[in-house]
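Trainee: here are the coordinates; sequence isn't available:
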């Protein structure tokens, strides 16, 4: 190739894409274990990580500690689940799914507002510059 480093950049981009896809696959698998464990009643379940997730799930339902380390780690997983959950309100086996969906909507709305504010400020700054928008 005539461009130095072009092949390396392409390979780096492919590696980053593969890493992101792998991370997404792991997140979805963990979210699936969360759904399974929320419904599982088998004390000797053979599904990987089910027993651990049952304990975390039970803790999350009972915990009232602000900024609890366990709950803080579980929260992103609840968001991943909620983002992909197609169950209607009150129909998901994850009892806090509706709350996670609501929090996701609020976060998205807040992010959109911040982007609009940033875009508006940039436009106003350009208009204020001499020779800017006339």
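Mentor: Perfect, thanks for sending it. Because the structure is a prediction, the values reported are computed rather than measured.
Trainee: other SSEs contacting the one helix or strand residue 116 maps to?
Mentor: With elements taken from DSSP states H and E, the one containing residue 116 is helix 97-128. When contacts are defined as 3 or more C-beta pairs under 8 Å, 6 or more residues apart in numbering; DSSP states H and E, helix 97-128 sits against helix 69-84. (Each C-beta comes from the backbone N, C-alpha and C, glycine too.)
Trainee: just for this protein, where's the confidence low?
Mentor: 1-13, 120-134 (pLDDT under 70).
Trainee: residue nearest the centroid of it?
Mentor: Per C-alpha atoms, centre = their mean, the C-alpha nearest to the average position across the chain is that of residue 80, at 4.4 Å.
Trainee: related to what we said a few turns ago, for the helix holding residue 116, buried residues please.
Mentor: Residues of helix 97-128 classed as buried by neighbour count (16 or more other C-beta atoms under 10 Å): 97, 98, 100, 101.
Trainee: cool, stretch 26-40 as well?
Mentor: Neighbour-count burial for stretch 26-40, with 16+ other C-beta under 10 Å as criterion, is recorded at 27, 30, 31, 33, 34, 35, 36, 37, 38, 40.
Trainee: Tell me which helix or strand comes right after whichever strand or helix holds the fifth one.
Mentor: The reference is to residue 34. Residue 34 is located in helix 6-39, with elements delineated by DSSP H and E. Scanning forward in sequence from helix 6-39, with DSSP H and E defining helices and strands, the next element found is helix 50-62.
Trainee: tilt between that next one and helix 69-84?
Mentor: 100 degrees (axes from the mean of the first three to the mean of the last three C-alpha atoms, to 10 degrees).
Trainee: and helix 50-62 with helix 6-39, angle?
Mentor: Helix 50-62 and helix 6-39 meet at an angle of 70 degrees, taking the same axes, to 10 degrees as the criterion.
Trainee: check contacts around residue 86.
Mentor: Residue 86 makes no contacts at all, as judged by C-beta atoms under 8 Å, 6 or more residues apart in numbering.
Trainee: is it true that residue 30 touches residue 77?
Mentor: Yes - the pair residue 30 and residue 77 passes the contact test of C-beta atoms under 8 Å, sitting 5.7 Å apart.
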